[in-house]
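Visitor: Any chance you could fold what I've pasted below:
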Amino acid sequence: MNPLHITSVAKESGLTTDQIQSVQNLLMEGATVPFIARYRKEATGSLDEVAVAYIRDRLNQLSELDNRREAILKSLAQHGHLNDELKEKVQAADTLSTLEDIYLPYRPKRRTRATVAREKGLEPLALATFEQNEADPDTLSANFINPEKGVTSVEEALEGARDIIAEYINEDAQARAAMRRLFTEEGIIQSRVAKGKEASGNKYEAYYEWQEPVGSAPSHRILAMRRGEQEDILNLTIAPPESTALALLNNLFIKGDHPASQQVRLAIHDSYKRLLSRAMETEIRLTTKQRADSEAIRVFADNLRHLLMAPPLGAKRVMGVDPGYRTGCKLVCLDRQGKLLDNQTIYPHSGEKQARQAAQIAIELCQKYRIEAVAVGNGTAGRETEAFFKSLPLDNAVAVIMVNESGASIYSASEIAREEFPDHDLTVRGAVSIGRRLMDPLSELVKIDPKSIGVGQYQHDVDPVELKKALDDVVISCVNAVGVDVNRASIQLLTYVSGLGPALAKNIVHHRDTHGAFRSREQLKGVPRLGPKAFEQCAGFLRVKNGEHPLDASAVHPESYAIVDHMADDLGCKVADLMKHDKLRRRIELTKYVDDTVGLPTLQDILEELSKPGRDPREVFETFAFSKDVQTMEDLQPGMRLPGIITNVTAFGAFVDIGVHQDGLVHVSELADRFVKNAAEVVKIQQKVVVRVLEVDLERRRISLSMRSKTDRVSKPGRPKKPKDASRTAPPAKHTPFNNPFADLLKPTS
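Guide: Reported below is the predicted structural model:
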């Protein structure tokens, strides 16, 4: 634990050192982010999950910086370079780039041109020339001619000296810091089509002649251009104007107008072209990639959160339908706990005779299992299958609902699905997933790798480690925010509960299968390997409905049961009475129960939980229906106003399912009657919207939509400005779905 880290994070975040210290202590004790945010508010000053996660991640970054610092100090000591001045510089470095700049001159390196020149004995000449005094370089060089060492002329001696000076300049910490700022502030990212890849119609065509300031280039464009480069279609460069860079270096190193200064000037040009510009471009490529990754990951995480927190239908008897034409529609009947009761295959789209047979089978299954809702996947034949079920003479209470089936095929082929349904094929498993997803999206989606759900942008291009960490944080946050019924939860869902993991989740399910349903939270202590620390972390997030203690079904932590018992005793009632009667709760004076460990934040949470024990933070489920008059893209006409559901939110707009098997795109400029910088400000995944059709391109299967109430177009602010010296750059294309260079790249993937 480094006290300097606490101070550093406090300054960066505006939080107090006590808050940072408390979070660090809790993390070191094994506490999870959800647990700290929910049950340790007194210790942290009521920090939320975002703040706690920031502190965790920033402390980890500073710890990694310390590890690198120690490695560098060890290397410097081993090679005899370390002295008090150098050690002080290394200890004071507050960023990795600064640290590496200090270490660069001493870092073991491969054989370079400067190394060869030193072997020829030319370093004294380089030092004397670099001083730029009155001495004539030609005269000095004559003293270093040595044919035995490969120096046969004055020019060869000067060339070797310039190689050494070029390396001095490249390794100068001040020069690198200044050049880094220049590349960051004035660097231009340029994209050119690779030779032989000039064919039109390519999805990267908009980038064949493109340039813009690297500092303002949006993440999706950076990732698009990088992908084009990886596919050998584009060539990228990042650099400021060369004249500006050379002028900066000349100001740093040129001391006069002597003959030696001219040699230094030549060395500066060589150093920049051969060494420094390449090193800086590599750095800026890395930093822009990290910036783009962070933004793409943030978009993905936000989308995933909204998807996981989509309203559940709840414990209903559901028929799941995986639609299809030639192979038929697979039907599964599920009970209110999601257990598979029956499965059949029907062919409602294969002629009148088979349609009648399909109707008879569907009606009989609905009656036999008292089906309350039909979940129809939105894939191939989804709209037609939805219309088929809506035409059946079912009970009016049976809702027919379209369900986004993205990722269902991934689940159906997974080891999890094979373990759950070893005797059923992929189609049955997929239909079960569709049905369960309607009942409880969160419980079902945790079984699927988030990257396969198709709600991100460039998920295959960003850092996979950072992406997984961010998405895992989102899943953990959502699972613990909702709470988990310990007697119904799958292993996969329990895995994400605070303090648990795959092993303990399996042990809980095995204990449940062996000994029967848990009757209290206290019984969790009997699960093998679930010790006191794990119980402390998980107990508040696990629910035992209809258990022995009324609070076991709530988010009140067992460590606070005594407080609630005390409140009930003071009012002369039972805990159950407190949970039922608002009049009793209003009589509670919270200040009476404040002590050294429990403060008002926790007591207020307890009181709120008593009013709505085990409340689900998700919104109430509402049915949705697409337009009956629109089934395919051919039915679309400009000007139509249609209901839709947001399926993906990207940096440049939102994709909307309007029920025609092809999502339409609402560009960010069409999301509202005002300027919108970030689409997430206006829309979110699973949001129900009304859109207007702008254009339909049947050939390229593209639909342009608008959510603006006004019919006139607005200008699209926020386009990249044309940088200086960009006369060859084509003007940015108008961003409609038909020529948007990002639309093809960012379609949801499964």
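Visitor: secondary structure class for Ser406?
Guide: The three-state label given to Ser406 by DSSP: H, G, I helix; E, B strand; the rest coil is coil.
Visitor: Correction: the previous question concerned Val321.
Guide: Quick answer, by three-state DSSP: Val321 is strand.
Visitor: what's the closest non-adjacent residue to it?
Guide: With sequence-adjacent residues excluded and distances taken as CB to CB, 6 or more residues apart in numbering, Val321 is closest to Val376, at 4.6 Å. C-beta here means a position set from N, CA and C on the backbone, and glycine is covered the same way.
Visitor: Which of the three states applies to Ile189?
Guide: Ile189 - assigned by three-state DSSP - is strand.
Visitor: you'd agree it is up against Pro240?
Guide: No. The criterion here is CB atoms under 8 Å, and Ile189 misses it with Pro240 at 10.9 Å.
Visitor: between these two, who's got more neighbours?
Guide: Ile189 (26 against 23; other CB atoms under 10 Å).
Visitor: From the contact counts, what lies against the host helix or strand of Leu65?
Guide: Assigned by DSSP states H and E, Leu65 falls within helix 49-78. With contacts defined as 3 or more CB pairs under 8 Å, 6 or more residues apart in numbering; DSSP states H and E, the packing partners of helix 49-78 are helix 3-13, helix 17-28, helix 33-39, helix 84-92, helix 96-103.
Visitor: Recalculate using a threshold of 10 Å.
Guide: helix 3-13, helix 17-28, helix 33-39, helix 41-44, helix 84-92, helix 96-103, helix 464-482 (3 or more CB pairs under 10 Å, 6 or more residues apart in numbering; DSSP states H and E).
Visitor: Go through those helices and name the closest to Asp596.
Guide: Nearest of these to Asp596, taken as CB to CB: helix 41-44 at 9.3 Å.
Visitor: from the middle of its chain, how far away would the closest one be?
Guide: In terms of CA atoms, centre = their mean, to the nearest Å, the centre of helix 41-44 is set 28 Å apart from its chain centre.
Visitor: mind listing what's buried in it?
Guide: Across helix 41-44, burial judged by 16 or more other CB atoms under 10 Å covers 41-44.
Visitor: Now do it: everything it contacts.
Guide: With CB atoms under 10 Å, 6 or more residues apart in numbering as the test, helix 41-44 has contacts from 15-16, 18-23, 25-26, 31, 36-37, 47-48, 51-52, 55, 594, 596-605.
Visitor: Doesn't Gly644 lie inside a strand?
Guide: Yes. Membership of Gly644 in a strand is supported by three-state DSSP.
Visitor: Can you select the buried ones from the contacts of helix 41-44 in ChimeraX?
Guide: Buried subset of those, written as a ChimeraX selection, criterion 16+ other CB under 10 Å:
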select :15,19,20,21,22,23,26,31,36,37,47,51,52,55,598,599,602,603,605
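Visitor: and the buried residues of helix 41-44 as JSON lines, adding distance to Leu493 and pLDDT?
Guide: Shown next, in JSON lines, are these (distance: CB to CB, whole Å; pLDDT from 0 to 100):
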{"residue": "Lys41", "distance to Leu493": "26", "pLDDT": "94"}
{"residue": "Glu42", "distance to Leu493": "30", "pLDDT": "94"}
{"residue": "Ala43", "distance to Leu493": "28", "pLDDT": "93"}
{"residue": "Thr44", "distance to Leu493": "27", "pLDDT": "94"}
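Visitor: with the residues you listed in mind, which one is nearest to Gly196?
Guide: For the buried residues of helix 41-44, the nearest to Gly196 is Thr44 (58.7 Å; CB to CB).
Visitor: Dump the C-alpha coordinates for stretch 331-344 into CSV.
Guide: Output in CSV follows, covering the C-alpha atoms of stretch 331-344 (Å, rounded to 0.1, in the frame of the first residue of the first chain):
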residue,chain,number,x,y,z
LEU,A,331,-42.1,-24.9,-29.8
VAL,A,332,-41.3,-25.4,-26.2
CYS,A,333,-43.6,-25.1,-23.2
LEU,A,334,-42.0,-23.8,-20.0
ASP,A,335,-43.5,-23.7,-16.5
ARG,A,336,-43.3,-20.6,-14.3
GLN,A,337,-39.8,-21.5,-13.2
GLY,A,338,-38.6,-22.0,-16.7
LYS,A,339,-38.5,-25.8,-16.6
LEU,A,340,-39.0,-27.5,-20.0
LEU,A,341,-42.3,-29.4,-20.1
ASP,A,342,-42.8,-30.3,-23.7
ASN,A,343,-41.5,-29.5,-27.2
GLN,A,344,-42.9,-29.9,-30.7
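Visitor: Buried residues of it, list them for me.
Guide: Residues 331-334, 338, 340, 343-344 are the ones in stretch 331-344 that count as buried (16+ other CB under 10 Å).
Visitor: Which of these scores worst on pLDDT?
Guide: Minimum pLDDT across the buried residues of stretch 331-344 is recorded for Gly338, with 92.
Visitor: which residues sit in contact with the nearest residue to Pro312 once chain neighbours are set aside?
Guide: Using CB to CB, 6+ apart and skipping residues adjacent in sequence, the residue nearest Pro312 is Asp440, 4.4 Å away. When contacts are counted by CB under 10 Å, 6+ apart, Asp440 touches 310-315, 338, 482, 485, 488, 493, 616, 618.
Visitor: Over to Arg437?
Guide: 310, 312-313, 318, 320, 375, 377, 403-408, 411, 443-445, 448.
Visitor: tally of neighbours for Gln637?
Guide: 9.
Visitor: My read is that it contacts Val696, right?
Guide: Yes. Counting by CB atoms under 10 Å, Gln637 touches Val696, with 7.6 Å between them.
Visitor: Quote the end-to-end distance of stretch 450-457.
Guide: 12 Å (CA to CA, to the nearest Å).
Visitor: can you map out the helices along the stretch 651-750 of the chain?
Guide: Assigned by DSSP state H, counting those that start in this stretch, the helices in the stretch 651-750 of the chain number zero.
Visitor: so where's the stretch 651-750 of the chain shaky on pLDDT?
Guide: By pLDDT under 70, the low-scoring segments of the stretch 651-750 of the chain are 710-750.
Visitor: Also the stretch 101-250 of the chain?
Guide: 200-201.
Visitor: all helices in it, in order from the N-terminus.
Guide: Taking DSSP H, counting those that start in this stretch as the criterion, the stretch 101-250 of the chain carries its helices at 113-119, 123-131, 137-142, 154-171, 173-186, 219-230, 242-253.
Visitor: Summarise which helices and strands the shortest one is packed against.
Guide: With contacts taken as 3+ CB pairs under 10 Å, 6+ apart, helix 137-142 sits against helix 123-131, helix 154-171, helix 259-271.
Visitor: out of these, deepest packed?
Guide: With neighbours taken as mean count of other CB atoms under 10 Å, those reach their highest mean count in helix 154-171, at a mean of 23.
Visitor: Distance to Gly659 for the helices of the stretch 101-250 of the chain - can I get that in a markdown table?
Guide: A markdown table is the format used below for the helices of the stretch 101-250 of the chain (distance: least, CB to CB, whole Å):
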| stretch | distance to Gly659 |
| --- | --- |
| helix 113-119 | 66 |
| helix 123-131 | 72 |
| helix 137-142 | 78 |
| helix 154-171 | 60 |
| helix 173-186 | 46 |
| helix 219-230 | 27 |
| helix 242-253 | 54 |
